[in-house]
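J.: Turn this into a structure:
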Amino acid sequence: MSEKTIGVFDSGVGGLSVLRAIRHVLPEVKLLYLADQARVPYGSRTLEEVRIFSESITRYLLSQGADVIVVACNTASAAALHALRNSFPGVPFVGMEPAVKPAAEQTRTSVVGVLATPATFQGALYSSVVERFASGVILLQHTCPGLVQQIEAGDLDGTTTRQILEDALVLMLAQGIDTVVLGCTHYPFVIPLIQSIVGPDVRVIDPAPAVARQVSRVLQATQITPATSDMANSASTNLHYLTTGDPQAFKQLLHKLNFPNQPVEHIILTNLP
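T.: You can find the predicted model right below:
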């Protein structure tokens with residue numbers, strides 16, 4: 001058995017919602033988090049662009065010692081997960097799948113709202129999930145234009161952010177939704193605002209805990225070394241942040257999102273536009 005390192009990436013800070021869940025389940029594991037903020041947001045880009053970005057990031061994380069790659073971005077998962085598994089056949093990948101299945105199982109009104117980026121809705125992964133699990137359920141979709149940028153700017157509850165979410169959710173509420181699926185890893189950071197709009201009777205599904213459990217299963221299958229108490233107590237030293245954007249801005253966002261204040265390394269990737 002050997003100690004494993006998990007590489008986690010997203011277009012920006014959204015994947016931190018997944019990172020947080022992974023650290024809760026596996027506090028002892030070494031983590032590399034890469035935010036591709038030079039090219040955020042991914043959701044409005046073509047699937048081919050996102051695939052190229054994702055392959056470049058994967059190569060970088062593997063070069064830094066990552067054993068497992070978590071594609072903590074719904075858009076990148078939709079655009080690139082299948083291609084990544086083909087291009088890196090010996091590497092375990094964990095991606096994001098829109099939580100349509102639990103929503104379809106839990107809804108009482110059979111009307112579910114899905115918030116995601118255009119690229120996620122266009123991807124074959126979303127279509128496959130809908131076809132397999134959403135029979136008999138009405139799915140109301142909205143792309144929430146500008147919401148990722150608001151979250152990247154640290155605006156989690158301002159007037160503009162609320163307006164974007166109200167534009168998406170008020171009409172859905174009028175059509176009877178009782179469940180909201182968060183199809184973008186940025187969106188869990190505005191769950192309090194979403195909940196204030198939809199009310200306590202509407203369930204909001206954050207997929208991050210389920211993804212973290214899948215990461216744990218993958219690590220068990222790849223023979224991770226059990227943690228010692230010293231490793232568990234020094235979990236903060238097992239986390240390394242990387243960004244293609246402004247490291248200082250990233251550190252400010254970490255503080256805003258209630259993550260520990262740690263160094264952030266600026267990196268340059270190939271295939272930058």
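
J.: domain parsing for this structure?
T.: As assigned by automatic domain parsing, the chain contains the domains 5-96+209-266, 100-206.

J.: Just the element for the closest residue in space to V29 that isn't next to it in sequence, please.
T.: Using Cβ to Cβ, 6 or more residues apart in numbering and skipping residues adjacent in sequence, the residue nearest V29 is I6, 5.7 Å away. Where you see a C-beta, it was placed from the backbone N, CA and C, and this is true even at glycine. Assigned by DSSP states H and E, I6 falls within strand 5-10.

J.: what do you get for D201?
T.: Here D201 is assigned to no helix or strand, by DSSP H and E.

J.: Show the contacting residues for the residue nearest to it when sequence neighbours are not counted.
T.: Distances taken as Cβ to Cβ, 6+ apart put D178 closest to D201, at 6.7 Å, once the chain neighbours are dropped. Contacts for D178 (Cβ atoms under 8 Å, 6 or more residues apart in numbering) come out as T107, R108, T109, V111, V112, D201, V202, R203.

J.: Quick check on D178: phi, psi?
T.: Per-residue torsions, D178: phi -120, psi 0 (degrees, to the nearest 10).

J.: Identify the residues contacting G14.
T.: G14 touches A72, C73, V148, I151, C184, T185, H186, Y187, F189, counting by Cβ under 8 Å, 6+ apart.

J.: The second one against G15, yeah?
T.: Yes - counting by Cβ atoms under 8 Å, C73 does reach G15; the two are 5.9 Å apart.

J.: residue boundaries of the strands in the stretch 1-150 of the chain?
T.: Counting by DSSP state E, counting those that start in this stretch, one finds strands in the stretch 1-150 of the chain at the ranges 5-10, 30-35, 68-71, 93-94, 111-116, 138-142.

J.: Compare those and give me the one nearest E48.
T.: For the strands of the stretch 1-150 of the chain, the distance to E48 is smallest for strand 68-71, at 16.2 Å, taking Cβ to Cβ.

J.: Partner strands of that closest one, with direction?
T.: Using DSSP bridges, strand 68-71 pairs in its sheet with strand 5-10 (parallel), strand 93-94 (parallel).

J.: Contacts made by the shortest one with the rest, please.
T.: Under the contact criterion Cβ under 8 Å, 6+ apart, strand 93-94 has outside partners V68, I69, V70, V71, L81, L84, R85, V211, Q214, V215, V218.

J.: that older thread, just the mean pLDDT for the strand holding I6, thanks.
T.: Mean per-residue pLDDT for strand 5-10: 97.

J.: Repeat that for stretch 212-227.
T.: For stretch 212-227, the per-residue pLDDT averages 80.

J.: do the same with stretch 250-265
T.: Stretch 250-265 comes out at a mean pLDDT of 93.

J.: now the helices for the stretch 51-200 of the chain?
T.: With helices called from DSSP state H, counting those that start in this stretch, the stretch 51-200 of the chain shows them at 74-87, 100-106, 118-122, 124-133, 147-152, 159-174, 191-198.

J.: For T222, find the nearest of these.
T.: helix 74-87 (14.9 Å).

J.: Next, the buried residues of the closest one.
T.: Residues of helix 74-87 classed as buried by neighbour count (16 or more other Cβ atoms under 10 Å): N74, T75, A76, S77, A78, A79, A80, L81, H82, L84.
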